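Enquirer: model this:
(one chain, ligands or ions: 1)
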Amino acid sequence: FNENYEVKRQAEKFLHQKVIDYKAHPIVVEKSTAVYDAIVQLFLEDVGTLYAVDSRGHLAGVISRKDLLRASLGNKNLHELPVSVIMTRMPNIFTIRPDETLLEAAKKMIDNHIDSLPVVKEVEEEKNTYLLLGRITKTTITRAYLEIMER
Ligand code: ADP
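Expert: Predicted coordinates for the structure are as follows:
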């Protein structure tokens, strides 16, 4: 009984962890960046998703591995093609706030079939305008789970 209770308590603790305490650095490119350079960046930073920002530094798009693979098919010139053409754009981006829980982040990723969420702060009085604070990925969730279970 005690062991069961302890596992339940730990699982509960895991689910209530805040995004702010587990978020990773976002890897960001300007939305005018060429697809070729974005692919290089993806390898250099060893991430699965890049975030594109506009000239004001606001979140403009999400670029995943599949977006880059799709753009690479065919005979397009990847040095000329900007990521803004192939990325998933605002307002179609699912985001999460730093005060939300890892449970909410996990649900959003599973429900929407995506690997990561940008952690954002809304720019006051500007609808759908966000500053990037970090990223939450499926790896983040797995790491948080391990950390809590090992404690
Ligand atoms: P992969 O392409 O490696 O499978 P994802 O599953 O995360 O990576 O991406 C699948 C699609 O969803 C891509 O087109 C990507 O641009 C888009 N996507 C990824 N993250 C988000 C997000 N947070 N909000 C909206 N769309 C996203």
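
Enquirer: from here on, contacts and neighbour counts on C-alpha atoms
Expert: OK.

Enquirer: what's the separation between V62 and L133?
Expert: Separation of V62 from L133 (C-alpha to C-alpha, to the nearest Å): 14 Å.

Enquirer: more neighbours: which of the two?
Expert: Using other C-alpha atoms under 10 Å as the criterion, V62 and L133 rank with V62 on top: 27 against 16.

Enquirer: in contact with the more buried one, which residues?
Expert: V62 makes contact with T49, L50, Y51, A52, M87, T88, R89, I93, according to C-alpha atoms under 8 Å, 6 or more residues apart in numbering.

Enquirer: count of neighbours near the last one?
Expert: So the one you mean is I93. 15.

Enquirer: that one touches G61, doesn't it?
Expert: Yes - applying C-alpha atoms under 8 Å as the test, I93 and G61 come out as touching, 7.2 Å apart.

Enquirer: what is the least confident helix or strand in the chain?
Expert: helix 2-15 (a mean of 79; mean pLDDT, DSSP states H and E).

Enquirer: ok, then the element right after it?
Expert: strand 28-30 (DSSP states H and E).

Enquirer: could you point out which element follows that next one?
Expert: Trace forward from strand 28-30 with DSSP H and E and the next one is helix 35-45.

Enquirer: show me what that following helix packs onto, helices and strands only.
Expert: strand 49-53, helix 65-72 (3 or more C-alpha pairs under 8 Å, 6 or more residues apart in numbering; DSSP states H and E).

Enquirer: other SSEs contacting the first one?
Expert: When you say that, I think you mean strand 49-53. strand 28-30, helix 35-45, strand 59-64.

Enquirer: so which of the ones you listed is the most surrounded?
Expert: The highest mean neighbour count among the helices and strands packed on strand 49-53, using mean count of other C-alpha atoms under 10 Å, belongs to strand 59-64: a mean of 25.

Enquirer: that one pairs with which strands?
Expert: strand 49-53 (antiparallel), strand 88-89 (antiparallel) (DSSP bridges).

Enquirer: winner for burial among those?
Expert: The highest average neighbour count among those, using mean count of other C-alpha under 10 Å, belongs to strand 49-53 at a mean of 24.
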